[in-house]
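Engineer: Can you look at this prediction? I've put the sequence above it.
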Amino acid sequence: MPVNTEGKTVGEILRGAREARKLSVEQVNRETKISVQTVNALESDDFGAFPSETYLKGFVRTYAEFLGLDGNRLWAMIGSRTATPASGAGLSWDTEAGLHEERLGPPPWIRRVVLPVLIVIIIVLAILLVRERQKAPASVGWNAAAELDATVASR
């Protein structure tokens, strides 16, 4: 049954479609798993009750499609309104829009400071290891020669 949407708000359209199907809010809750509080917020155009625009968009689409309405069209009617948390404890959508994606991994200062320091330490250790190895054969050879001289002298 088509619902007249002329001059109506999204909430009025949703309520009208639900009432036209003779459904209670509790029946909508049982069938869609959308809470009674959320259905009431949608039908009263209380979009500030939602923590973010993403939640609102999902609930509007789900509820509209359950009622046989075009969820995308209803969402377009809402647009990207700026909500103020009138009755809900949700964040302002302006805050959500200002968020940016964080990169995973070490902070930039670690890449700029710690990695070069580690590379220098590895290079210094490599140089010390090479020098120690160069000394080791000479000292082993000297000890071997001294032991040989001692062995020959004792006979």
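Structural biologist: Received, thanks. Residues are numbered from 1 along each chain as shown.

Engineer: domain assignment for this structure?
Structural biologist: Using automatic domain parsing, the domain parsing of the chain gives 10-98, 105-155.

Engineer: With mean pLDDT and mean neighbour count added, can I get these in CSV?
Structural biologist: Any C-beta I mention is one placed from the backbone N, CA and C, and that applies to glycine too. CSV is the format used below for the domains of the chain (pLDDT from 0 to 100; neighbours: other C-beta atoms under 10 Å):
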stretch, mean pLDDT, mean neighbour count
domain 10-98, 83, 16
domain 105-155, 77, 9
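
Engineer: what does stretch 19-34 contact?
Structural biologist: Here stretch 19-34 makes contact (C-beta atoms under 8 Å, 6 or more residues apart in numbering) with 1, 3, 18, 35-36, 39-40, 43, 59, 62-63, 66-68.

Engineer: hmm, 6 Å instead?
Structural biologist: Applying C-beta atoms under 6 Å, 6 or more residues apart in numbering, the external contacts of stretch 19-34 come out as 1, 36, 39, 63, 66.

Engineer: now, among these, which is nearest to residue 125?
Structural biologist: Nearest to residue 125 among those is residue 63, at 65.4 Å by C-beta to C-beta.

Engineer: Can you name the helix or strand that the closest one falls in?
Structural biologist: Per DSSP states H and E: residue 63 is located in helix 53-66.

Engineer: Moving C-terminal from that helix, which element do we reach first?
Structural biologist: Sequence-wise, the next helix or strand downstream of helix 53-66 (DSSP H and E) is helix 71-78.

Engineer: counting contacts, what elements does that following helix pack onto?
Structural biologist: Packing contacts for helix 71-78, counted by 3 or more C-beta pairs under 6 Å, 6 or more residues apart in numbering; DSSP states H and E, involve helix 10-20, helix 53-66.

Engineer: which residues in the protein form helices?
Structural biologist: For the chain, the helices defined by DSSP state H cover 10-20, 25-32, 36-43, 53-66, 71-78, 93-98, 108-109, 115-154.

Engineer: what's the angle from the third one to helix 10-20?
Structural biologist: So that's helix 36-43. Going by axes from the mean of the first three to the mean of the last three C-alpha atoms, to 10 degrees, helix 36-43 is angled at 120 degrees with respect to helix 10-20.
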